[in-house]
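S.K.: I'd like to go over a predicted model; first the sequence, then the structure.
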Amino acid sequence: MRVPPGVTPQDFSDAVKQWQEALGQPWVFTSDEDVDLYRDSYSPFWHEDLEPIPSAAIAPDRVEQVQAAVKIANTYKIPLWTISTGKNLGYGGSAPLLSGSVVLDLKRMDRVLEVNDKNHYALVEPGVSYFDLYRYIQDRGLKVWIDVPDPGWGSLIGNALDRGGGYTPLRDHFDAHCGMEVVLANGEIVRTGMGALPGSLTWQQYRYGFGPYVDGIFSQSNFGVVTKMGFWLLPEPEGFKSGTVLVPRHDDLVPLVETLNYLMNSNLVQGTTTIGSPLLMSRAARSASGGGSALVMSPGGPSVEELEKIGRDQNLAYWNCEMSFYGPPKVVEAQWEYAKQKYSAIAGATFIDGETYKLPFDLKDPDKLPKRQFGIPSLTIFGMMGRSEGHMWFSPIIPMTGEAVFQAQKVFGQAYHDMGVPAISQIFVFPSSFFPRSFVILCGFPIYHDVEKNKKSREVFKGLVKAAAEHGWGEYRTHTAFMDTVSDVYSYNNHSLRRFHETIKDAVDPNGILSPGRCGVWPKRMRKAEA
Amino acid sequence: MKHVSMLFAIAFAWVIGVPIGEAQDQGQRIPSSWTTTTVSGQGQPRGYVEYQKYCSACHGPGAGRPGTMALQAKYKGAEPALLDQRTDLTPELIKTYVRNGISVMPFFRKTEISDADLDLIALYLTRNNKR
């Protein structure tokens, strides 16, 4: 049996016995065969000693068992690593950051506690996946939509706590939550917002309750174990429409994004938008860029003028952007018409009318719909990742301006060049508005069962984090392998925010048992190792 | 032994075609799943239901199923791209892939797919094998 760091074999054996009594013997996993299933399928440390390996896993079925589990961990100072569905692939999966941690697996807590289609909300446990909630709603014919990230097997709670995003008007998943139940490290249960009022009837309807609003400190953190969470849902819309604007020249991106900001911040465009480039994605442009991505502007690559000439010769727009509209058909048609009117100020702008859907309609064949925009969970994204053994995401937030996009193209092109990454391996995608009022660049780095390739990827990843930070850009979320790296660049005033996080950590989890190291927050007794 | 006899009972239920509804009526909670469609188990073996729940989002028919796409690319029609049309899979092979993963298919924990559910899925996927 593996043993957590700093814990004696005898203490661990005693803890395991107590967990078995509290949770039931089948739900305490200690054999290598069972515990290895908690490794990160997409680990960037595959075949290396650096890979964090858990010592055991425990799987409570209800909140009382979570309380008992953390109390036992506290007695023996055993580090736990909390997961929900354990499908945070690309960000660490089900594996801990600190090798030897015991995984606290909440997958069995998979109850949909309430879905209300009059006030449009749901209350769920951590093991509930997007597939689960979608199916629950469809089975009952409820008139609400959920918002899904790309992989549908993730947990609503886990994704929201890692501050993930989706595609519909409620795409900022943490922002869409309302009310939490949290088990603290000492085993005490806290309910936030209106949940603090016994018998409250508005836990999922009014976020703030009374007094300091604390929900944010339980996201991307290790201050508690969230066991219930409410989410606002979208009333089933009566219609959906998409439309695409295309502009011919490089510099047209500036007014395109300015107009997009106006439309999105006025709630006229309501879903996630992504900047695209028919020109830079074309074979001709990629060929001119050395066979790799034409999206980054590498030193020695084609100039903007050369690319614009390819665009003119081949009648390819330099930029485009598809937009989503939700509402009654007449309203969404009018919104699109208005958007076209605004974009027409850009000389040479052209448009592609997407289909207008009238709802409700038969959803028996969701394959024929734009699933993500309709809040229909799937695993389609896994077919788009190319041949690899996994991936991890580099995901900086940049300003929502055309100028910032140009700068990102150059900064990351230069960074790749400086690190000796050949054009064919330069990973870059254009920004999306998964979150209001900013762009995120979501680059998937492939993972292989090849030590040298992964070492190089990790080095490049760290180089990009550094290059981004030097230009005022930071990651919105990261893989466990880079949590310290990313935390390090959020360093304003001698890391005053991290020191504040550490003050909270020491107060609410003095033994440092909950998810040590998560997002750069280490408990006092392990903090020296960080330096 | 209890575990083995339970499996036998479930396998037997499959042979005589006990609908899934009966298992649910006994108070068993429906396990979490990765399918968007409601699983109608009427007249279907339990393994079919579990397969639909756990595997079909990737390995089912239709557009955007990465497992089906990958097997189509691998076999180019020499074997069916849909796992539930194969006749050459063994229970051991199925379990190896579920517990070890392959390419971007991750491995699955026992809180996701239990050993008992995996036995049922293997039984279903090998139902048409020549014996």
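M.R.: Looks like it arrived, so ask away.
S.K.: What ranges in chain A fall below the confidence cut-off?
M.R.: Residue ranges of chain A with pLDDT under 70: A:361-365, A:528-531.
S.K.: Quick test: name the residue nearest the centre of it.
M.R.: With distances taken as C-alpha atoms, centre = their mean, the residue of chain A nearest its centroid is residue A:164 (3.0 Å).
S.K.: wait, isn't that residue in contact with residue A:173?
M.R.: Yes. Counting by C-beta atoms under 8 Å, a contact exists between residue A:164 and residue A:173, whose distance comes to 5.2 Å. (Glycine included, C-beta is placed from N, CA and C.)
S.K.: shared neighbours, these two?
M.R.: Listed as contacting both residue A:164 and residue A:173 by C-beta atoms under 8 Å, 6 or more residues apart in numbering or on different chains are residue A:149.
S.K.: before we move on, back to that, identify the residues contacting the residue nearest to the centre of chain A.
M.R.: Here residue A:164 is in contact with A:149, A:154, A:173, A:477 (C-beta under 8 Å, 6+ apart).
S.K.: Redo those residues as CSV? Include secondary structure, neighbour count and distance to residue A:415.
M.R.: Output for those, formatted as CSV (DSSP: H, G, I helix; E, B strand; the rest coil; neighbours: other C-beta atoms under 10 Å in any protein chain shown; distance: C-beta to C-beta, whole Å):
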residue, secondary structure, neighbour count, distance to residue A:415
A:149, coil, 21, 27
A:154, coil, 25, 30
A:173, coil, 26, 30
A:477, coil, 20, 20
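S.K.: Nearest to chain B, out of these: which one, please.
M.R.: Nearest to chain B, judged by C-beta to the nearest C-beta, of those is residue A:154 at 10.2 Å.
S.K.: returning to what we had before: need the max-distance pair from the contacts of residue A:164.
M.R.: A:154 and A:477 (12.8 Å; C-beta to C-beta).
S.K.: Residue numbers of the stretch 51-200 of chain A in contact with chain B?
M.R.: Residues of the stretch 51-200 of chain A lying close to chain B (C-beta under 8 Å from any C-beta of the partner chain) are A:57, A:59, A:85-87, A:89, A:93-94, A:105, A:107-108, A:110, A:127-129, A:131-132, A:134-135, A:138-139, A:152-153.
S.K.: Is it possible to mark the buried ones in these?
M.R.: Those of these that meet the buried threshold are A:57, A:59, A:85-87, A:89, A:93-94, A:105, A:107-108, A:110, A:127-129, A:131-132, A:134-135, A:138, A:152-153, by 16 or more other C-beta atoms under 10 Å in any protein chain shown.
S.K.: Run a quick neighbour tally on the residue in the stretch 1-150 of chain A positioned nearest to chain B.
M.R.: Taking C-beta to the nearest C-beta, chain B has its nearest neighbour within the stretch 1-150 of chain A at residue A:41, 3.3 Å off. Neighbourhood size, residue A:41 [other C-beta atoms under 10 Å in any protein chain shown]: 22.
S.K.: now swap in residue A:291 and tell me
M.R.: For residue A:291, using other C-beta under 10 Å, the count is 12.
S.K.: again with residue A:120
M.R.: Counted with other C-beta under 10 Å, residue A:120 comes out at 20.
S.K.: Kindly provide the distance from it to residue A:2.
M.R.: Note on residue A:120: its distance to residue A:2, by C-beta to C-beta, to the nearest Å, is 46 Å.
S.K.: Repeat that for residue A:274.
M.R.: 43 Å.
S.K.: can you check residue A:451 too?
M.R.: For residue A:451 relative to residue A:2 (C-beta to C-beta), the value is 22 Å.
S.K.: same question, residue A:405
M.R.: 47 Å.
S.K.: Show me the shaky parts of chain B.
M.R.: For chain B, residues meeting the criterion pLDDT under 70 lie at B:1-42.
S.K.: Show me what counts as buried in the longest helix anywhere in chain A.
M.R.: In chain A, with assignment by DSSP state H, the single longest helix is helix A:451-470. Residues of helix A:451-470 classed as buried: A:453-454, A:457-458, A:460-465, A:467-469 (neighbour count, 16+ other C-beta under 10 Å).
S.K.: Run through who's touching that helix.
M.R.: A:44-48, A:392, A:394, A:396, A:411-412, A:414-416, A:418-419, A:421, A:443, A:445-448, A:474-475, A:481-482, A:485-486, A:489.
S.K.: what about the strands in the stretch 51-200 of chain A?
M.R.: All strands of the stretch 51-200 of chain A, identified by DSSP state E, counting those that start in this stretch, fall at A:56-58, A:80-83, A:102-105, A:112-116, A:121-124, A:144-145, A:177-183, A:189-191.
S.K.: Could you pull up the residues touching residue A:101?
M.R.: Residue A:101 neighbours (C-beta under 8 Å, 6+ apart): A:4, A:52, A:54, A:55, A:79, A:80, A:81, A:515, A:516.
S.K.: Can you get me a residue count around residue 68?
M.R.: If you meant another chain, say so; for now it's chain A. Neighbour number of residue A:68 under other C-beta under 10 Å is 19.
S.K.: let's do chain B instead
M.R.: 21.
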